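Visitor: how would this look folded up:
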Amino acid sequence: MLDGTTKKETSAVTPVTLAATLGRRERSGPQLALRQFARNKAAFAGAMVLALLVIGSVAAPVVAPFDPIQISLANKLVPPTPAHLLGTDYFGRDQMSRVLYGGQVSLYVGLLVVVIAAAVGVPIGLVAGFIGGRVDNLLMRLMDALLTFPPLLLAVAIVGSLGADIQNVMLALGIVNIPIFARLVRGSTLALREEVYVEAARALGASPLRIVFLHILRNAVAPIVVQMTVTFSSAIISEASLSFLGLGAQPPTPSWGRDLNEARRFLEDAPWLLIAPTAVIMLSVLSVNFFGDGLRDALDPRSWRDEGKRMKATRAVQD
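Guide: Numbers count the residues shown, from 1 in each chain. Next up is the predicted model:
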């Protein structure tokens, strides 16, 4: 026979509370990563700014008030007005329209550089780290040879030999960043191939390709993704530098770096020409870096464990 206390506790268990109790499950890794990313205010703000820059650049044909290459000598060097929010340049071209269209070039270059560098560097790192021996020594010495040159100087040499063109800029910057991905993935592969689950898969007869792609590459995704954001931001700066030197996008194509080069001649008469491209380069690089820092913390399993412990402690207090 149940006493009064037991009856009271039993009667308190309703279908709603029982369903809530049974519905409590530990959050999965992606959920914990998303929660951890959302807690990082700087990373969240960076993601929002980056999203606005991407949307503005992609939608430039719709939102840009003027044609970015349309010359209007009657409106040259006009300061910011309601009609031209960022003013006009020496040829009367609307500066806001050129900034929006220039974002297409910079973001496209950054994306292609990341794709080229990762597509070549990641397989090299996997092969070198997993096979080892002479193959590892040969591949890493080739990567070291590329790393001996200053990145921007090597990119200038490649573009200078191939010709001043935006496609050559993407190729040159992609080649420059290949060793970074290769050495990063090699280091992760050397550590992961000694893990217990890799040894177990090898003992069970798994093929080398299955081990590499299913067990090693899958667990090396986090540092690769973070490196992609770092490479993306550095590619934006490098493209602007090469365009500033006249080796990137050619006139009349809008480019943040080339617009900076043209603005330096009018620092006293039209300082607004320098402010706009400088501001968008700074915002794009900062937003990508903040976003990358947030991804690094969110994809770290140690932060998941800390978040899980915090959630358990909060739940215990509430119960």
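
Visitor: Only C-alpha atoms from now on, for both contacts and neighbour counts.
Guide: Fine.

Visitor: Would you list the phi and psi of the residue nearest in space to the middle of the chain?
Guide: Centroid-nearest residue in the chain: Thr229, 2.3 Å away (criterion: Cα atoms, centre = their mean). Taking degrees, to the nearest 10, you get phi -70, psi -40 for the backbone angles of Thr229.

Visitor: if I pick it, what's in contact with it?
Guide: By Cα atoms under 8 Å, 6 or more residues apart in numbering, the contact list for Thr229 reads 288-289, 291-292.

Visitor: can you redo those residues as JSON lines with distance to Pro251 and neighbour count?
Guide: Putting the contacts of Thr229 into JSON lines (distance: Cα to Cα, whole Å; neighbours: other Cα atoms under 10 Å) gives the following:
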{"residue": "Val288", "distance to Pro251": "27", "neighbour count": "23"}
{"residue": "Asn289", "distance to Pro251": "30", "neighbour count": "23"}
{"residue": "Phe291", "distance to Pro251": "32", "neighbour count": "25"}
{"residue": "Gly292", "distance to Pro251": "33", "neighbour count": "23"}
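
Visitor: now those as CSV including secondary structure?
Guide: Output for the contacts of Thr229, formatted as CSV (DSSP: H, G, I helix; E, B strand; the rest coil):
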residue, secondary structure
Val288, helix
Asn289, helix
Phe291, helix
Gly292, helix
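
Visitor: out of those residues, which one sits closest to Val135?
Guide: Using Cα to Cα, Gly292 is the member of the contacts of Thr229 that lies nearest Val135, at 32.0 Å.

Visitor: pLDDT of the helix or strand containing Ala182, averaged?
Guide: Using DSSP states H and E, Ala182 sits in helix 166-192. For helix 166-192, mean pLDDT rounds to 93.

Visitor: buried sites along it?
Guide: By neighbour count on 16 or more other Cα atoms under 10 Å, the buried set for helix 166-192 is 166, 168-190, 192.

Visitor: ok, now stretch 47-65?
Guide: Buried residues in stretch 47-65, counted by 16+ other Cα under 10 Å: 47, 49-50, 53-54, 56-58, 60, 64.

Visitor: From the contact counts, what lies against the biggest helix by length in the chain?
Guide: In the chain, assigned by DSSP state H, the helix with the most residues is helix 95-131. Packing partners of helix 95-131 (3 or more Cα pairs under 8 Å, 6 or more residues apart in numbering; DSSP states H and E): helix 41-58, helix 60-63, helix 133-147, helix 166-192, helix 221-244, helix 256-263, helix 272-298.

Visitor: Out of those helices, which gets nearest to Ala33?
Guide: Nearest to Ala33, of all these, is helix 272-298, at 4.6 Å by Cα to Cα.

Visitor: Contacts for stretch 116-134, please.
Guide: 135-137, 139-140, 171, 174-190, 193, 212, 217, 228.

Visitor: change it to 7 Å
Guide: Contacts of stretch 116-134 from elsewhere in the structure, counted by Cα atoms under 7 Å, 6 or more residues apart in numbering, are 135-136, 139, 174-175, 177-179, 181-183, 185-187, 189-190, 193.

Visitor: just stretch 169-180 next, same as before
Guide: Applying Cα under 7 Å, 6+ apart, the contact partners of stretch 169-180 are 109, 112-114, 116-118, 120-121, 143, 146-147, 151, 155, 158-159, 235, 248.

Visitor: how close does Leu111 get to Ser238?
Guide: Between Leu111 and Ser238 the computed distance is 13 Å (Cα to Cα, to the nearest Å).

Visitor: Just give the number of residues close to Gly248.
Guide: Neighbour count for Gly248, taken as other Cα atoms under 10 Å: 28.

Visitor: thinking again about what came up before, Leu111 and Ser238: which has the busier surroundings?
Guide: Shown here are Leu111 and Ser238; by other Cα under 10 Å, Ser238 has more neighbours (24 against 19).

Visitor: Looking at the helices and strands packed on helix 95-131, spot the one closest to Leu32.
Guide: Of all these, helix 272-298 sits nearest to Leu32, with 7.8 Å by Cα to Cα.

Visitor: Report all helices and strands that that closest one contacts.
Guide: Using 3 or more Cα pairs under 7 Å, 6 or more residues apart in numbering; DSSP states H and E, the elements in contact with helix 272-298 are helix 29-39, helix 41-58, helix 221-244, helix 256-263.

Visitor: Excluding residues flanking it in the chain, which one is nearest Gln104?
Guide: Nearest non-adjacent residue to Gln104, counting by Cα to Cα, 6 or more residues apart in numbering: Ser57, 5.2 Å away.

Visitor: cool, and Ala47?
Guide: In space, and not counting its chain neighbours, Ala47 is closest to Phe291: 5.6 Å by Cα to Cα, 6+ apart.
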